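Student: structure of the sequence below:
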Amino acid sequence: MDNNQFPPAQRRKRKARTAVVGVLAAGLLLGGGVIAANAATSSNTGATAAATSQPTATAATAAVAAKTALGRHPLAVGLRFFVNGDSSKPNYGQRAAKIATFILDKRPKLAAKLPAALQADLKALKDAADGDRVAQATHIRDTALNGGYGPEIQAQAKRLQEQKANRKA
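Tutor: Model (predicted):
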């Protein structure tokens with residue numbers, strides 16, 4: 001005799017639902033750790049790697065999902081493109097203008113939080129003629145790396161540049 005009060009089909013659904021909730025909870029907990037690890041200074045790269053690596057498969061899956069979501073933030077995507085993009089490619093200027101347009105037009109709350117100098121440079125890139133877009137995009141890259149937009153953006157730009165160098169090595 002079955003001592004459980006629920007029919008087998010309903011028990012399977014409850015187990016599946018519990019598993020999904022568990023994976024989501026692990027992802028949220030680990031996602032917070034990934035965000036905190038990314039906010040840490042680049043001198044703690046060993047501690048960051050240790051803090052984000054988990055032995056279980058569900059935690060690893062959640063970490064990948066959290067990093068993917070974090071990496072798709074419009075400002076992160078834009079900054080990664082400006083810092084690591086190849087300005088010798090023929091469509092570099094067009095893609096840079098498209099990113100600037102997206103940040104300014106589709107994410108106005110995000111754009112309002114950016115430093116005034118970066119907002120002005122993104123607007124200039126968005127409105128630039130086809131021949132001037134590459135120069136505007138390289139200006140944004142150079143200014144970000146030199147700290148012209150503030151120390152936070154400079155630190156993030158240098159971190160992105162170091163990550164690209166580490167991938168090539």
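
Student: avg pLDDT for stretch 162-169?
Tutor: Regarding stretch 162-169, the rounded mean pLDDT is 84.

Student: after the helix or strand hosting Ala76 comes which helix or strand?
Tutor: Assigned by DSSP states H and E, Ala76 belongs to helix 74-84. Toward the C-terminal end, the helix or strand that comes next after helix 74-84 (DSSP H and E) is helix 92-101.

Student: right, and Gln119 touches Leu110 too?
Tutor: No: in this structure, Gln119 is not within contact of Leu110 by CB atoms under 8 Å, at 10.5 Å. Any C-beta I mention is one placed from the backbone N, CA and C, and that applies to glycine too.

Student: point out where the protein drops to low pLDDT.
Tutor: The chain contains residues with pLDDT under 70 at 1-4, 6, 11-74.

Student: so where do the helices sit in it?
Tutor: Under the criterion DSSP state H, the chain contains helices at 8-39, 45-52, 57-71, 74-84, 92-101, 108-113, 116-127, 133-146, 151-168.

Student: please export the C-alpha coordinates of the fifth one as CSV.
Tutor: Think helix 92-101. Taking Å, rounded to 0.1, in the frame of the first residue of the first chain, the C-alpha atoms of helix 92-101 are listed here in CSV:
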residue,chain,number,x,y,z
TYR,A,92,33.9,48.1,-36.5
GLY,A,93,32.7,51.7,-36.7
GLN,A,94,29.2,50.6,-37.6
ARG,A,95,29.0,48.1,-34.7
ALA,A,96,30.4,50.7,-32.3
ALA,A,97,27.7,53.2,-33.3
LYS,A,98,25.0,50.5,-32.9
ILE,A,99,26.2,49.7,-29.4
ALA,A,100,26.2,53.5,-28.5
THR,A,101,22.7,53.9,-30.0
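
Student: no further queries at this time; thank you.
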